[in-house]
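**Q** Need the 3D shape of this:
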Amino acid sequence: MQQQDSGSNSAHEPSDPPEIPGVRRSFVTARGVRFHVTEAGPEDGRPVLALHGWPQHHYAYRHLLADPPEGLRIIAPDLPGYGWSGPAPHRWAKEDVASDVFALLDALGLERVLLVGHDWGGYIGHLMVLRAPGRFDGFLVLNIAHPWQSPRTFLPHLWRFMVYQPPVAAFGTYLHQHTRFLELIFDKGVADNAEFGPEVVRAYADRFRDPVCARAATDTYRTFLLRELPRGSRHGETRRATVPIRALFGVDDGAVHYSLAAAETANADDYKLERVPNCGHFITEERPLLIRARLLALAADTAG
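**A** Next up is the predicted model:
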């Protein structure tokens, strides 16, 4: 494990991460990935691992990082190949990414955490709590389908995935680097634009012009469509979740329908879904106060 603290108040070059007041930044090498890790809150606080999705990076959790809830240590890494983390030594198979994140937890000396995951970060979070439930107190999952899908639940919404995923899988590197594709994604995926001014969209879109990030995004969807989706249709998820799971879902999400996160179809001991009106896909930024409140509630429910 290699760790390098770059501080929180250094002058930023144009390619550096966007400023978040008071955060600690470091680079941690785990399982061949040089993770960029952003933290806030007391170093001896209760650890909360926050995983982002596409087309974002740790900045999706800037509200939690800028004002961490009392007693909680917010840890928001960039996933492999995303943001300022180094490339993944694989083609972004989600079980491989889960293994990468477990290695990061080991490198940070974290035996047990609260978990937050949005979009692909939520998908990977589900895999992690199913694989090693003893490492998680609870899971707050945001705007992503749970893994217990059947043809009856999934096929009516397949068209949503086909609108954007095949172009990213086929032409993602070009789209990210040379077009305004991501600007369009944010424009169409957000119900409340107050938190998505030009500087915020630019913080995401500009980073994906980097060839490492553009390639990671392409691999994310290419692997899903060509390997993981076909495998899942043949061999559905059968493991049962024993970790308390609280799902929040902006119902105006055009990419993922909230019915794919329904409690009725979840194979879990303790799973609850809360539908959030007038909110799109990017709930971490559209409803930061709600995310904070539900994280605090989950922390209280799982204390001790």
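**Q** Helices of the stretch 101-250 of the chain, start to end?
**A** Counting by DSSP state H, counting those that start in this stretch, the stretch 101-250 of the chain has helices at residues 120-131, 151-154, 158-178, 181-189, 198-205, 211-223, 229-234.
**Q** Give the rounded mean pLDDT of the third one.
**A** Per-residue pLDDT values over helix 158-178 give a mean of 96.
**Q** for the fifth one, same thing?
**A** Per-region confidence: helix 198-205 scores 96 on mean pLDDT.
**Q** for that helix, packing partners?
**A** Applying 3 or more C-beta pairs under 8 Å, 6 or more residues apart in numbering; DSSP states H and E, one finds that helix 198-205 contacts helix 181-189. In this view, the C-beta of every residue, glycine as well, is placed from N, C-alpha and C.
**Q** quick one: the strands in the protein?
**A** 3-5, 24-30, 33-40, 46-51, 72-77, 113-118, 136-142, 245-250, 271-276 (DSSP state E).
**Q** For those strands, could you give me TSV that also reports distance to residue 291?
**A** Listed next are the strands of the chain as TSV, based on distance: least, C-beta to C-beta, whole Å:
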stretch	distance to residue 291
strand 3-5	27
strand 24-30	21
strand 33-40	14
strand 46-51	9
strand 72-77	11
strand 113-118	8
strand 136-142	7
strand 245-250	7
strand 271-276	10
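**Q** What's the local residue count around residue 205?
**A** A count of nearby residues for residue 205, using other C-beta atoms under 10 Å, gives 20.
**Q** which ones are touching it?
**A** By C-beta atoms under 8 Å, 6 or more residues apart in numbering, the residues touching residue 205 are 55, 180, 182-183, 186.
**Q** For these, work out which two are farthest apart.
**A** Farthest pair in the contacts of residue 205 (C-beta to C-beta) is 55 and 180. Separation: 12.3 Å.
**Q** These two - which one has more neighbours?
**A** More crowded of residue 55 and residue 180, by other C-beta under 10 Å: residue 55, with 25 against 11.
**Q** Quick check: chain neighbours aside, which residue is closest to residue 129?
**A** With sequence-adjacent residues excluded and distances taken as C-beta to C-beta, 6 or more residues apart in numbering, residue 129 is closest to residue 243, at 4.5 Å.
**Q** An error on my part: the question was meant for residue 49.
**A** In this structure, residue 49 finds its nearest non-sequential neighbour in residue 113, 4.7 Å apart by C-beta to C-beta, 6+ apart.
**Q** so who does that neighbour touch?
**A** 47-49, 75, 105, 135-137.
**Q** Among those residues, which one sits closest to residue 263?
**A** Nearest to residue 263 among the contacts of residue 113: residue 136, at 18.7 Å, using C-beta to C-beta.
**Q** That closest one bridge partners, please.
**A** Under DSSP bridges, the beta-bridge partners of residue 136 are residue 113.
**Q** Do I have it right that residue 151 meets residue 233?
**A** Yes: between residue 151 and residue 233 there is a contact under C-beta atoms under 8 Å: 7.3 Å.
**Q** So between these two, which is more surrounded?
**A** Between residue 151 and residue 233, counting by other C-beta under 10 Å, residue 233 is the more crowded of the two (13 against 10).
**Q** so who does the more buried one touch?
**A** Going by C-beta under 8 Å, 6+ apart, residue 233 touches residue 151.
**Q** mind checking how far it is from residue 262?
**A** Counting by C-beta to C-beta, to the nearest Å, the gap from residue 233 to residue 262 is 19 Å.
**Q** What of residue 164?
**A** As judged by C-beta to C-beta, residue 164 and residue 262 stand 23 Å apart.
**Q** quick one on the thing from earlier: determine which of the helices of the stretch 101-250 of the chain approaches residue 18 most closely.
**A** helix 198-205 (4.6 Å).
**Q** where's that closest one relative to the chain centroid, distance-wise?
**A** Put simply, helix 198-205 sits 17 Å off its chain's centre (C-alpha atoms, centre = their mean, to the nearest Å).
**Q** Stretch 251-259 now?
**A** Distance, stretch centre to chain centre, for stretch 251-259: 16 Å (C-alpha atoms, centre = their mean).
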